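Just a sequence and a predicted model for now, questions to come.
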Amino acid sequence: MLNAPPLQHRDEEAERRDVAAAVRAGPSGAVTVAAIATAIVVACWFAFYLFVFLPRGS
């Protein structure tokens with residue numbers, strides 16, 4: 001990072017703790033975005049099915 005201190009002055013133990021905390025938290029944001037995207041795709045599919053396929057068949 002641009003604002004990070006030089007490597008020789010870094011506290012490696014604190015950095016390890018920060019990384020471990022981030023890994024423990026998990027990718028919840030990515031899972032949320034994937035779930036929303038999947039829900040949008042499924043909703044579009046149902047809308048297309050209801051408004052295009054069903055009216056053509058009847």
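Perfect, I can see it now.

contacts, neighbours, all on C-alpha from now
Will do.

residue nearest the centroid of this structure?
Nearest to the centroid of the C-alpha atoms of the chain, with distances taken as C-alpha atoms, centre = their mean, sits residue 30, at 1.3 Å.

Can you get me a residue count around residue 46?
Counted with other C-alpha atoms under 10 Å, the neighbours of residue 46 add up to 13.

Now the element after the longest helix seen in the chain, going C-ward?
In the chain, with assignment by DSSP state H, the single longest helix is helix 28-48. Towards the C-terminus, the helix or strand next in line after helix 28-48, according to DSSP states H and E, is helix 54-57.

Off-centre distance for that next one?
37 Å (C-alpha atoms, centre = their mean, to the nearest Å).

Next, the buried residues of it.
Buried positions in helix 54-57, judged by neighbour count with 16 or more other C-alpha atoms under 10 Å: none.

And for stretch 24-43?
Counting neighbours by 16+ other C-alpha under 10 Å, one finds that stretch 24-43 has no buried residues.

Backbone dihedrals for residue 27, please?
Summarising the backbone geometry of residue 27 under the convention degrees, to the nearest 10, its torsions are phi -90, psi 50.
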